[in-house]
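Q: here is a sequence together with a model predicted from it:
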Amino acid sequence: MRREIKLTVKSILIITVFIIIATILLVYATIMLIDYSRKADDTASAVISLIGNITGGIIGGIVAYIVAAFQVKSTIEYDGYKSVSTSYSLLRMVKSELNNNKKIISKFHEDFVNGEKTSHLDSITSSYWSMSIDKLGPEVDEKTIETLQECHLMLEAYKKQPEKISIKASEDIIIKISNAIKLLEDNIKSIKPIK
């Protein structure tokens, strides 16, 4: 996987300033090295070591800054991509679950009203929604989350009270699920991760 390094004007200026400072220190250290090497005493050796350590530290700092800036930027980009990918996958699973619930209710709602085939109510699930609600990122808008939560609550109430199921209640929940699916499709299109 190839990544492009994007440099901003600010980062180029910072790098340039560090390079200029390091160059000045290296030139100064070289001049001092030449001057003190002629004198050949212990002070000269200590000063040369000091300047070498300082220069090495500055150059090391420049390299560390560049590497750290690149790593932080890469990590932020990766986390954003990971969040979008997770939300995209979870929304697709929730959409599939809602489509399945809609098919079950559409197919058996008259039987449910008559108290028959209520065992099919157990096939109505919202487990993907329950699993994903806390994993969705900020790219999923509030309206989608609220609509899905309303669907989840309606489905749970629908399942728990089979004696209260009516044609109207079934039609209402089918309409609510259809609207949620349309909203999910719009969200899925808008947050599709870029590879």
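A: Yes, it's here. Residues are numbered from 1 along each chain as shown.

Q: ok, now how distant is the residue most central in space within the chain from Glu97?
A: What sits nearest the mean C-alpha location of the chain, by Cα atoms, centre = their mean, is Ser83, with 2.4 Å. Ser83 sits 21 Å away from Glu97, going by Cβ to Cβ, to the nearest Å. All C-beta spots, glycine's among them, are computed from the backbone N, C-alpha and C.

Q: right, and the helix or strand after the longest helix anywhere in the chain?
A: Scanning the chain for the helix with the most residues, using DSSP state H, yields helix 42-113. Following helix 42-113 in sequence order, the next helix or strand is helix 127-132 (DSSP states H and E).

Q: name the helices or strands packed onto that following helix?
A: With contacts taken as 3 or more Cβ pairs under 8 Å, 6 or more residues apart in numbering; DSSP states H and E, helix 127-132 sits against helix 42-113, helix 142-160.

Q: what angle separates the helix or strand following the last one from helix 42-113?
A: Yep, that's helix 142-160 we're talking about. Downstream of helix 142-160, the first helix or strand assigned by DSSP H and E is helix 167-190. Interaxial angle of helix 167-190 relative to helix 42-113 (axes from the mean of the first three to the mean of the last three Cα atoms, to 10 degrees): 150 degrees.

Q: buried residues in helix 167-190?
A: Residues of helix 167-190 classed as buried: Ala169, Ser170, Ile173, Ile174, Lys176, Ile177, Ala180, Ile181, Leu183, Leu184, Asn187, Ile188 (neighbour count, 16 or more other Cβ atoms under 10 Å).

Q: residues contacting the first one?
A: Ala169 is in contact with Tyr158, counting by Cβ atoms under 8 Å, 6 or more residues apart in numbering.

Q: that one and Gln149: what is the separation?
A: 18 Å.

Q: in this structure the residue nearest to the centre of the chain contacts Gly137, no?
A: Yes - here Ser83 reaches Gly137: they are 3.7 Å apart, a contact under Cβ atoms under 8 Å.

Q: if we go by neighbour counts, what in the lowest-mean-pLDDT helix or strand in the chain is buried?
A: Ranking every helix and strand in the chain by mean pLDDT, DSSP states H and E puts helix 9-39 at the bottom, with a mean of 77. By neighbour count on 16+ other Cβ under 10 Å, the buried set for helix 9-39 is Ser11, Phe18, Ala22, Leu25, Ala29, Tyr36.

Q: got it, and stretch 106-120?
A: Of the residues in stretch 106-120, Phe108, His109, Phe112 count as buried by neighbour count, 16+ other Cβ under 10 Å.

Q: want to throw the helices and strands packed on helix 127-132 into CSV with distance to Lys192?
A: As requested, the helices and strands packed on helix 127-132 are exported to CSV (distance: least, Cβ to Cβ, whole Å):
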stretch, distance to Lys192
helix 42-113, 6
helix 142-160, 15
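
Q: turn these into CSV, columns for mean pLDDT.
A: As requested, the helices and strands packed on helix 127-132 are exported to CSV (pLDDT from 0 to 100):
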stretch, mean pLDDT
helix 42-113, 82
helix 142-160, 86
